[in-house]
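K.L.:
based on what follows, work out the 3D shape:
(chains A, B and C)
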Amino acid sequence: MVKLSRYLMVPMLGVLMGTTSFAQEMTDVGTPRSETLIVQTFDGKVATPDAQNPFISYAIWRGFRELGWSSLWEMDTASGQSYPELADGMPEVLNAEHTKFRIKIRPGVFWSDGVEFTTADMAYTLDTAFKYREKLTRVSGYTSIVKSWTVIDPYTMEVETSEPSYSFETSMGVYTWGARFVPVPKHIFEPQGENVVTFKNAPAVTLGPYKIKAFDPNGFWQLWERREDWQRSGWGNLGEPKAKYVLYKDFGAEETRTLAFVQNQYDIDTFMSPDSIQAAKARNPNIQTFSDRFPYHDMNDACSWAVYMNQQKAPYDLEAVRWALALSLDLKQVGITALSGQFKVAALPIADTPVTNPIYYEASAQFLNDLTLADGYKPYDPNFGADLVAALKAQGAPESELPTAENIAASFGGGWWKHDPAQAEKLLASVGMTKGADGFFTMPDGSPWVVTLTTPGDWNKNLQRLGFSIADSWKKAGFNVSVQQVDNGEFGSTQSTNSKLDVMLNWGNTCVYNANWRNSWGVFKSDNVKDATSDEPLNGNWMRVTDQGIFDIVTKSASLPTGSAENIANGNAIAQKLTATMQAINLMSIPTTVPTNSTYWTNYSKQDNFYAAPYTWWSSFKKTLVNITPTGK
Amino acid sequence: MTQDAMALPTTRSGLRWRELYWLVNLRLAIGLTIVLILAVGSLVLPLFNTVDPSVQASYWKNLPPSFKHLLGTNALGQDTFWYLVYSVRNSLVLGFVVAIGVTVISTIVGLSAGYIGGSFERVVMLVVDTFITIPLLPILIILGAVIRGSSTFLTVGLVIIIFGWAWGARTVRSMALTLREREFINMARFSGANTLQILVSEIFPYVSAFLLVGFINTVLFAINTEATLAVIGLSKVEVPTLGSIIFWALSYNAMFTGNYIWIVAPIVTTVVLFLGLFLTSTGFNAAFATKRGVA
Amino acid sequence: MGIVQYVAKRLGLFLAVLFIGLTITFFLPRLMPVNPIDGYISQLMSLSSGSLSSEAVAELRVNLEELYGLKGDLLSQYVSYLERVLLRFDFGPSFAYYPATVSDVVLNALPWTLALLLTTTVLGWALGNMVGLVAGYFHTKRLATLLEIVGILIYPIPYYILAVSVILLFAYVFPVFPLSATFPVGEMSLNKLGLILYNAFLPALALVLAGFGWNILSMKALAIATTEEPYVTYARLKGASNWTRMTRYVFRNAMLPQVTALALSIGTIFNGALLTEIIFSYPGVGLIMRTAATGGDYNVLYGVITISIIAVATAGLIIDLIYPLLDPRIRHK
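P.N.:
Below you'll find the model as predicted:
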């Protein structure tokens, strides 16, 4: 009977779930398992796998960004410094206004079909982008900053920009995710003539040390094979990539993915939820997280998660209301419920990383400690980390995995805001908002107030859980919160449309991860402010900043060198302004829950064996590929 | 299964209580008992509860079952048992509201269309067919935003009614089509009964067997659709329903992380609920059959 | 009324339903709060860390509107939509998969969905009805009750749970089948067909189980009702065997509503496709629809919903044309 077997299944499962691997000789795609590194894709199943033309389609994930294309300058996110990849050295500035640059590329770089990469390819890319700019959907990133270019010789080129640029290597190269400028092979594209605007380019001719061996027409996987002439590739100078084959595959929803991971069917996962990782580790000793201690995962992602509020809409235009929301959020409890306590807080609207800490957090430490609200209340709590450790210990976390006293700040963050609903109530009362008969706060005129919190749906599980827990925390303090979990598309619409935004969880405007804060906060401009009820989309400024003081700082920093003391001081000034008036409630670094499986490959980058950030979708993956070693199973 | 039926004659002058005795049989008894326990339990028990089960972090996470927490707690720090009780209540309410709405509308529409015929039938069937042809799930996905933004989870029910009544109407109509030509209908017509009388006293009892099954099907369809929506994330998952408890259990990977009770309890409850509803309906069915003398 | 008249009237109804359905389909996605251009742009922006200049984004927006065919007011878009769809069956470019056209995208995925769901729907229907028939006919026997209980227990299990249980049981606990499908590429061959069947077995099993339960129960109810009919009693008095009564009398009459249900359920295949494809990583139309809904891809939604509407309407048409053949009683109407 079905019912009985269901009951039997339960204890059976408990026992049988301890099963570990059964040896796999060949992968499903016909390559030897011991030579294949299998990675869970970053974005699941891809919609059109044969769209591989960088002019029109986003062929960046599933290997293109790391293995296929190459950029002039790459970014080492762990150190926050750009380094040259295709280019031979950093760009040479030719004039005082910083609008003319000379680019030299390394000779001896070849496409995967044997043709040499020269400035002719770059010139062709720029020519085509400008010629068809109305029809190509992924070129406006550089067509809007480049004014003109000249080829000097096959390895030298000069480019003029339309505005002064103090970080040319991140405009034409990589800042974080990828480069806006992706050079295409002239000898493949030019014969297409006008059809280049619909040209699929599959399978693509690549510049990196891997070529495309096969891909699933349904979009679930893509297989890369190392080129024999990898030394002549775009980043062959980093070293020999150890995996002969790299397979990117989507293993489905987390329920099935965890099972596959425990069965050693793949090696590196992407953003599994923390408690699933704990359970997987218990079942399979080959599964490891970045660190063996709290918070277990790398917390140095470029962006941080924050609550963005529509500051142009009542009542979020009142500073008291924004502070009340911040003080009513019991982040300690929220983090324990939603993320099993594996998070690192950040009080400024910047992630707290080894790169940003000396630049911003140390400089602003005094400011945070001294920060006082209008009625004399000091909201900063430097003991947040210690309290969190105590709570985790009480709930049974093993002492050996909790940080020691001197490591608390590095693990859980320097401090956050106090959890003080009483003070929040006082703040709200000072602007005329008190609790109604139903126990929820009302608007100043007495009408009911519903806080609509927009969070991602299943596509970002950790943030989704956080959203519901935050709503619960606010509800306990007396706010009537309605959670909207939305899909990717609607998330984007809510983010950019004033009429649709109340409060949302986001990270897009809090991506300052080195001294170059203008790359993220350059969008704080007065033309990025629309009317409060407008349906027109915004082009940035998701935080809805309307502070003229911030706009002024942004404008006058346009002509400052990135690393200069003045520029950094300006960055700090903006961070402090945003924090003092709580223009966004910054929560924590993005926890990069990327577990690895050491059955077939070892020597991944870990906290105690650190050579690269653990992501499989950034430049750091290149270093990872060069350093991992096969186990020979 | 034996049927302890007592075939007392009925008269047209209305049912007297004694005459309801023919309804009683073992199936019906068991079924009604189950349904009543679940329904009454889920309505009454909350009166004794002080803690709102949908509030997170009321207790420690993932505690095993104990006296304080009959089914343990879940990964959100909620008491599983109380969450389940409230879920059953909300789901039952949703299920019955939808089933009543759907059955009433589809029966009226289907019977009248099938029996009356003519241009009335054509117009009605045009409307029915249009609603049938539009697939429900894509519409629900599209309207998902509307559902999420509303203040009560019963909006899901409304959408299900609007797009779910058509199927039943069509089937009822085809049954009515068949029946229209039957002997006893013609006889009733020649005896002078008008359309309404015929619909109510001749055709309706015949289709009632199918309708009851359809009613139960709709209750479950409503509960399952709401669960499907919850799993995709389109329902209000902060409100405890059988769908949202499964959503949370799956979202926090209950099966994999070992909190089996969290995922198994709502499944078992749903199965038991359906068992009760079903036994009730077939119990009625058997009783009707006995009454008609054709057991 | 003559046959020609009947058929003509029925066809007219068919076309009317199509037209209304298409109109409703056009306007509904526009109600969605998602604007496909916004979705695309915000995706682009988050990738370049919001550092695109406003001029760049404004230019992109204008280009996209032109390319997606979203210029002009709603009425003119509606007219051009009707014209494109009805005359040329052209749904235009897909937004999410730009520049692939909707036809490309949908036709790629459609065979997978159709193959899986048609097979399993018919299988589940047939199996369920057979079991239900036996259970209904012999409804006083113990066996019947047992079968009924099987139906009751399977039916209310939410499909998601059923599917995940199937995966757990047959791909993890007893690792016979793969945890997630990997369909082979390349030319069709016997080997490839075998691999496809191997990978598709689990989703098929889950789907058959899901439809199985309800068919048992409804068929049983119908069979019971039909068994009580006087003509069946008459057949028994006439001396016909159990088997004859069950098949020739009860089955053929009880089947009529079930056939209607089958035809209509074939039309609603896309409902069942969605969850299956998400859970089993099956490359069908349901996933396409899901991506389209999340990205506000109107054109793909139109395409999929339109195909679904046409399928259901055609099924209904065929049923109504065949019904008089099956049931002589209404033939003379």
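
K.L.:
which other helices and strands contact the helix or strand containing B:Val272?
P.N.:
Secondary structure assigned from DSSP states H and E places B:Val272 in helix B:260-292. Contacts defined by 3 or more CB pairs under 8 Å, 6 or more residues apart in numbering or on different chains; DSSP states H and E place helix B:260-292 against helix A:2-16, helix B:26-44, helix B:80-116, helix B:204-232, helix B:242-251, helix B:254-257, helix C:142-154, helix C:190-227. In short, each C-beta sits where N, CA and C put it, glycine included.

K.L.:
pretty sure C:Gly21 sits against B:Thr133.
P.N.:
Yes - C:Gly21 lies in contact with B:Thr133 (CB atoms under 8 Å); the separation is 5.1 Å.

K.L.:
give me the common contacts of these two.
P.N.:
Residues touching both C:Gly21 and B:Thr133 (CB atoms under 8 Å, 6 or more residues apart in numbering or on different chains): C:Ile309, C:Ala313.

K.L.:
lowest average confidence, helix or strand, in chain B?
P.N.:
helix B:144-149 (a mean of 61; mean pLDDT, DSSP states H and E).

K.L.:
rewinding a little: pick the most deeply packed of the helices and strands packed on helix B:260-292.
P.N.:
Highest mean neighbour count of the helices and strands packed on helix B:260-292: helix B:242-251, a mean of 26 (counted as mean count of other CB atoms under 10 Å in any protein chain shown).

K.L.:
and the angle for that helix with helix B:80-116?
P.N.:
130 degrees (axes from the mean of the first three to the mean of the last three CA atoms, to 10 degrees).

K.L.:
and helix B:242-251, is it in reach of chain A?
P.N.:
Yes - applying CB under 8 Å from any CB of the partner chain, one finds helix B:242-251 touching chain A at B:Leu250, B:Ser251.

K.L.:
domains in chain A, by residue range?
P.N.:
The domain map for chain A lists A:33-238, A:304-589, with the assignment taken from automatic domain parsing.

K.L.:
for the longest one, how far is the first residue from the last?
P.N.:
So that's domain A:304-589. 4 Å (CA to CA, to the nearest Å).

K.L.:
could you report the neighbour count for the closest residue to B:Phe221 other than its chain neighbours?
P.N.:
Closest residue to B:Phe221 apart from its sequence neighbours, by CB to CB, 6 or more residues apart in numbering or on different chains: B:Gly164 at 7.0 Å. If you count neighbours by other CB atoms under 10 Å in any protein chain shown, B:Gly164 ends up with 23.

K.L.:
report the distance from the strand or helix carrying B:Gly164 to the chain centre.
P.N.:
Assigned by DSSP H and E, B:Gly164 belongs to helix B:154-180. Put simply, helix B:154-180 sits 14 Å off its chain's centre (CA atoms, centre = their mean, to the nearest Å).

K.L.:
helix or strand next in line after that helix, which one?
P.N.:
helix B:183-190.

K.L.:
name the helix or strand for A:Thr206, please.
P.N.:
In the assignment (DSSP H and E), A:Thr206 maps to no helix and no strand.

K.L.:
roughly how far does the residue nearest to B:Phe221 sit from A:Trp601?
P.N.:
The spacing between B:Gly164 and A:Trp601, counted by CB to CB, to the nearest Å, is 52 Å.

K.L.:
and A:Thr99, by the same measure?
P.N.:
Distance from A:Thr99 to A:Trp601, by CB to CB: 46 Å.

K.L.:
equivalent analysis for B:Thr155, please.
P.N.:
50 Å.

K.L.:
now do A:Ile105
P.N.:
33 Å.

K.L.:
for residue 252, give me its contacts.
P.N.:
You didn't pick a chain, so chain A it is. A:Ala260, C:Leu179, C:Ser180, C:Ile278, C:Ile279, C:Phe280, C:Ser281.

K.L.:
nope, chain B please
P.N.:
A:Ser273, A:Asp275, A:Arg465, B:Asn74, B:Ala75, B:Leu76, B:Asn259, B:Trp262.

K.L.:
burial count for the third one?
P.N.:
In terms of burial, A:Arg465 registers 24 neighbours under the definition other CB under 10 Å.

K.L.:
if you count neighbours, what's buried in the helix holding B:Gly164?
P.N.:
B:154-157, B:159-180 (16 or more other CB atoms under 10 Å in any protein chain shown).

K.L.:
what does stretch A:99-115 give?
P.N.:
Quick answer for stretch A:99-115 (16+ other CB under 10 Å): A:Thr99, A:Lys100, A:Phe101, A:Ile103, A:Lys104, A:Ile105, A:Arg106, A:Val109, A:Phe110, A:Trp111, A:Ser112.
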